[in-house]
Structure formats: structure tokens, C-alpha cells
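Enquirer: Below are the sequence and a predicted model; questions follow.
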Amino acid sequence: MAVEFLDIGGAHDGPESGRGGGSPATVATAGPQAPRPAESGPPEDRGDRGNGRDGRGGGGGRAGGPAPKVVTTRHPGRWVTAAAVVVLLAMAASALITNPAWEWEVVGEFLFAPSVLRSVVFTLELTALGIGFGFLLGTVLALMRMSANPLLSSVAWGYIALFRSIPLILQLLFWYNLALLYPRLSFGVPFGPSFFDIGTMDLIGPVTAAALGLALHQAAYAAEIVRAGLLSVDHGQREAAAALGIPRSRQLFRIILPQAMRSIVPTAGNEIIGLVKGTSVVYIMALPELFYQVQVIYNRNGRVIALLLVATIWYLVMTTVLSVVQHSLERHYGKGRA
């Protein structure tokens, strides 16, 4: 038997040097000297030998076991709900198609009638006038409401409170009958001589009264929408713009408003859609908008349900188009949102 002495402390740290504090270790080897086989492979493979985890010892190990089976979550309630909704939709469609009282042939006859198309155009014109002037005046009122001047802020607050408290139909009737209060309107120096006057009925006709009533009514709501949008912009934006010396008008139109539009557009879209339907109130002024026109037709031919369905379809088309436009504007102004 051969004996080999290995110095574990290092080549220069023998027991006589006193360095390293190590002592010779004696290793007994049987037979002729042979190099120890090098261990190869990753540590986990070496550690798994002999314990049944190397793929040879059986068992569902990581190397040779079967792949795990993926089981998807089942949602039977969703299928039951979807089936119930499909059944209800089929029942509704059947009721609309098979019931002759709907008179779909009459609907098709009057859906694109010239008088109905003209009333649709007039409805859109009233909506555009009400929204255009309403939001223009509403923006001014919102800036007045946010002003540090207490008089401007109080006047804007009083206007908003007054016009939001009075129903739209009463405002329309008031403007339509303004001539009962002021038969003639004078223009001149305030509290001084007048240059000329004009009859109220000549100046404010039914269409003008309708547009005026819709715009003034809408301005009260638009003011709060715009004010909420302006307040949603971080105040640091204003401070940074002022520190750079940017004029106030440019701060508003180039910095504040583009960011405020993210909050303004959704609510303003709802108001516009509501005003499209709200124009039906002007039927009391005998204006040929959509609802009034279908009333005229069904009072003449007695096809009430069919003509009401015509108006329903056109209101649905107009509001759907406006909803698509609103969605596009929301995506446009929401591009920079994180």
C-alpha cells in the first residue's frame, strides 16, 4: 500500500515555515496512483445522481417525466347567460318582424320621404347652433367663474344657477313670446338716447327664438363642463408657462385647453347627443324638426306607430354617428395619456 502526503496549506506553507497554520494531511490510496475522475455536468445533475432524479431512477422528474397537462378554467355560467341573451334577442327580433302592427312597409315608405329628410337636416342645424353658441358662451362663463374678480365670478355663478334651474321648454316659450314683454327693441347708448329700434317679432322669429333658447340653456351646462376640464390640468403647467413668459392667451389655447380636452370631450359628447334629442322640444313652436314633422304626417294618415318608428330610426342614426365622432376625438386627445 502506497502512502501519499499532500500539503493542503499550499506549496510554500510547510509545517516548518509556521505560516498558514496548516498541518500535513495524510491520504491513503490503494493500489497505484490514478488521477481522480473529473466531475462533469451541471451541479444539479451531480447532486441528483443516486436519488432517483436523474431520469434513470424512475419517477416523474424534471428530465424524463411526462409534461404537465394544462387544464383550462371552465365557465359554465357564461354559456348559460349567453344562451339566455341569444334567446331573448331572437324573441325580440321575432316580435319586431312577425307583428304586422309595426307596418314596416309604411316605415320604408316614409323613412326617406323628402319632408322627413328636411326635418332631419333642420334638427341637425338646430343642434349645431345650440352647441356652437352654447359652448362658446360656456367657455367665457367658465373663465369668468374661475376669475379672481369677485364680480365676474358672481355673475357667472348666477347665470349658471338660473339657466340650469329653469326647464328648457319654459325658456323656449319665454323667448318665443318675448314680444309680449318688449314689443320693440331699441339700440343706442345705455341709459341714453337710442339710435334706432326694431320690432321684437321681426328680430326674434321662431327659428331665432329656438336657437337662442337652446344656446343659452346649453351654455350653463357647457360652462361647468369646460371649468371642470380646466381644473383637471395640473396647476404646475400654468406656473411653468408663466415662468417662461408665455402670454396668457397662448397659455390657454396652446397648453391648458389641449390637455383639458381629455376631460371635456366625453362629457361634451354626452351633452351634444342629449341636445340632438332635446331639439324635439321645439315642436311647441311649430318648427319643422323631426318629431314635429312625423306628428304632422301621422295626424294626416293615422299611421302613428310606423311614423314614430321612423323618428326613432333617424334619432338612432344621428346619435350613433355622433358617438363615433366622440370616440375618435377621445382617442385623439388621449394619445399623450400614460
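Expert: Received the coordinates, thanks. Numbers count the residues shown, from 1 in each chain.
Enquirer: Using the three-state scheme, assign residue 190.
Expert: What DSSP: H, G, I helix; E, B strand; the rest coil gives for residue 190 is coil.
Enquirer: now do residue 245
Expert: coil.
Enquirer: which sections of the chain are below the confidence cut-off?
Expert: For the chain, applying pLDDT under 70 flags the ranges 1-64, 336-338.
Enquirer: how about the helices of the stretch 201-338 of the chain, start to end?
Expert: Ranges of helices in the stretch 201-338 of the chain, per DSSP state H, counting those that start in this stretch, are 206-232, 235-243, 248-250, 257-278, 290-301, 304-333.
Enquirer: Can you say which of the ones you listed is packed in most?
Expert: Of all those, helix 206-232 carries the top mean neighbour count, a mean of 21, counting by mean count of other Cβ atoms under 10 Å. C-beta coordinates here come from the backbone N, C-alpha and C atoms, glycine included.
Enquirer: looking just at contacts, which helices and strands does that helix meet?
Expert: Other helices and strands packing on helix 206-232, by 3 or more Cβ pairs under 8 Å, 6 or more residues apart in numbering; DSSP states H and E, are helix 114-145, helix 150-165, helix 168-176, helix 257-278.
Enquirer: now the end-to-end length of stretch 225-239.
Expert: Its start and end residues considered, stretch 225-239 measures 23 Å (Cα to Cα, to the nearest Å).
Enquirer: got it, and stretch 198-216?
Expert: Distance between the boundary residues of stretch 198-216 (Cα to Cα) amounts to 22 Å.
Enquirer: Check the chain and tell me which residue is nearest its centre.
Expert: residue 266 (5.3 Å; Cα atoms, centre = their mean).
Enquirer: Who are the contact partners of the residue nearest to it when sequence neighbours are not counted?
Expert: Spatial nearest neighbour of residue 266, chain neighbours left out: residue 330 (6.2 Å); criterion: Cβ to Cβ, 6 or more residues apart in numbering. For residue 330, the contacting residues are 262, 265-266, 269, by Cβ atoms under 8 Å, 6 or more residues apart in numbering.
Enquirer: how close does the closest residue to residue 115 other than its chain neighbours get to residue 125?
Expert: Excluding its sequence neighbours, the residue lying closest to residue 115 (Cβ to Cβ, 6+ apart) is residue 293, at 5.8 Å. Distance, residue 293 to residue 125, using Cβ to Cβ, to the nearest Å: 14 Å.
Enquirer: what do you get for residue 227?
Expert: The value you get for residue 227 to residue 125, if Cβ to Cβ is used, is 28 Å.
Enquirer: cool, and residue 308?
Expert: 22 Å.
Enquirer: Repeat that for residue 157.
Expert: Residue 157 is 32 Å from residue 125, where distance means Cβ to Cβ.
Enquirer: repeat for residue 239
Expert: According to Cβ to Cβ, residue 239 and residue 125 sit 43 Å apart.
Enquirer: and the end-to-end length of stretch 276-289?
Expert: 11 Å.
Enquirer: now it, how far from the chain's geometric center?
Expert: Between the centre of stretch 276-289 and the centre of its chain there are 29 Å (Cα atoms, centre = their mean, to the nearest Å).
Enquirer: Stretch 318-332 now?
Expert: Centroid displacement of stretch 318-332 relative to its chain, using Cα atoms, centre = their mean, is 10 Å.
Enquirer: Skip the chain neighbours and tell me the closest residue to residue 206.
Expert: With sequence-adjacent residues excluded and distances taken as Cβ to Cβ, 6+ apart, residue 206 is closest to residue 285, at 5.0 Å.
Enquirer: Make sure that neighbour is actually in contact with residue 176.
Expert: Yes. Using Cβ atoms under 8 Å, residue 285 is in contact with residue 176, at 5.4 Å.
Enquirer: what sits in contact with each of those two?
Expert: Jointly contacting residue 285 and residue 176 under the rule Cβ under 8 Å, 6+ apart are 206, 209-210.
Enquirer: nearest to residue 254, of these?
Expert: Among the shared contacts of residue 285 and residue 176, residue 210 lies closest to residue 254 (Cβ to Cβ), at 35.5 Å.
Enquirer: got a list of what the closest one touches?
Expert: With contact set as Cβ under 8 Å, 6+ apart, residue 210 has these partners: 126, 172, 175-176, 282, 285, 287.
Enquirer: By neighbours, which of those wins?
Expert: In terms of neighbours by other Cβ atoms under 10 Å, the contacts of residue 210 top out with residue 282 at 27 neighbours.
Enquirer: Tell me how far that one lies from residue 138.
Expert: Taking Cβ to Cβ, one finds residue 282 at 20 Å from residue 138.
Enquirer: do residue 164 as well
Expert: Distance from residue 164 to residue 138, by Cβ to Cβ: 12 Å.
Enquirer: Report the set of residues contacting both of these two.
Expert: Common neighbours of residue 164 and residue 138, using Cβ under 8 Å, 6+ apart, are 220-221.
Enquirer: Between these two, point out the one with more neighbours.
Expert: Per other Cβ under 10 Å, whichever of residue 164 and residue 138 has more neighbours is residue 138, with 28 against 12.
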